[in-house]
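**Q** Take a look and give me a structure for this.
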Amino acid sequence: MLADSAAFSGFSVNDLDAARAFYRDVLGLALVDNPMGMLELEFPGGGHVIAYPKGEAHQPATFTVLNFPVDDIDAVVDELSARGVVFERYEGMHQDEKGISRGRAAGQGPDIAWFTDPSGNILSVLSS
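**A** Numbers count the residues shown, from 1 in each chain. Purely as a prediction, here's the structure:
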């Protein structure tokens, strides 16, 4: 029934202008302003995600809303850090000085590092 649907996901932000600047200027994503007042993040292959404004009613997600698979996590973390991104630290995740949890070496999943957008939503870069 929905197998051929071009599904997409979305999450809220408290400041659409701050989200636009972050996703475009810091992360380097292609963006489209949706005529309904939402921001569309476009990805290679035709996928997209929407960020919609909720203003004061926004509650940041307590889970990762967007994952970015990368080939070289160290290079990406270094570049994002140089652009002002601060990586989150989570107890029990055994993160290194860059904030990367090295799951591959431990045989426990991908290498992953988490950060937040200006609205507090959790994002990640990961390499498997």
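
**Q** And the contacts of the helix or strand of the chain with the lowest mean pLDDT?
**A** Within the chain, no helix or strand scores below helix 103-106, which has a mean of 83 by mean pLDDT, DSSP states H and E. Applying C-beta atoms under 8 Å, 6 or more residues apart in numbering, the contact partners of helix 103-106 are His94, Gly109, Pro110, Asp111, Ile112, Ser127, Ser128. For every residue, glycine as well, the C-beta is placed using N, CA and C.

**Q** State the pLDDT value of the second one.
**A** Okay, so that is Gly109. As predicted, Gly109 sits at a pLDDT of 87.

**Q** Measure how buried it is and give me the count.
**A** Close neighbours of Gly109, defined as other C-beta atoms under 10 Å, add up to 12.

**Q** Over to the fifth one?
**A** Around Ile112 sit 21 other residues, with neighbours defined as other C-beta under 10 Å.
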